[in-house]
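# using only what follows, build the 3D model:
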Amino acid sequence: MISLEDTPDPADRLARVREATDGMGADLVAEFSGHPAAFAEGVEMAGLGGRYLVVGQLGSGTTPIAPGTITKKNLTVIGSFSGDISHYHKALTVLERYAGRLPFDRLISGQYPLAQVNDVISRMQAFQEIKPVLLPAATS
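Down below sits the predicted model:
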């Protein structure tokens, strides 16, 4: 698995994937960022006969893409939209169990008091935040 979080330039990210796969492209690409440009980038990273799991694309943003790329690569694109309440319970259980061993804090883009919820939502809509956390109101 390749992590591309430390590679801000899309061309460099694609080059790293090509290098790691001997120029073939990835067998599986998973997109979780939610940034519209990430969709087209993921299609480019996928290799022939690859699979592309798209979880992060929930907003109304768009990105240009040549549909023929999907066809020529015989790419399988799989959309996955969230889950039911039991999935959230399982996710929280995993977070609790592995909190001391895995760097979950790196997934969070910022922490905000609940009173700033409208500002945080606006920032998410403008792609200025990806995974913010709203903190509970202070109890007295």
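# count the residues that sit near residue 109.
14 (other C-beta atoms under 10 Å). Glycine gets a C-beta too; all of them are placed from N, C-alpha and C.
# and the gap between it and residue 17?
24 Å (C-beta to C-beta, to the nearest Å).
# got it, and residue 114?
When C-beta to C-beta is the yardstick, residue 114 and residue 17 sit 39 Å from each other.
# and these two? Which one has more around it.
Of the pair residue 114 and residue 17, residue 17 is the one with more neighbours under other C-beta under 10 Å, namely 23 against 11.
# isn't that one up against residue 25?
Yes - taking C-beta atoms under 8 Å as the contact criterion, residue 17 and residue 25 are neighbours in contact, 6.7 Å apart.
# shared neighbours, those two?
Jointly contacting residue 17 and residue 25 under the rule C-beta atoms under 8 Å, 6 or more residues apart in numbering are residue 45.
# could you say what helices and strands the worst-scoring helix or strand of the chain on mean pLDDT packs with?
Least confident helix or strand of the chain, by mean pLDDT, DSSP states H and E, is helix 85-98 with a mean of 85. Contact here means 3 or more C-beta pairs under 8 Å, 6 or more residues apart in numbering; DSSP states H and E; on that basis helix 85-98 packs against no helix or strand.
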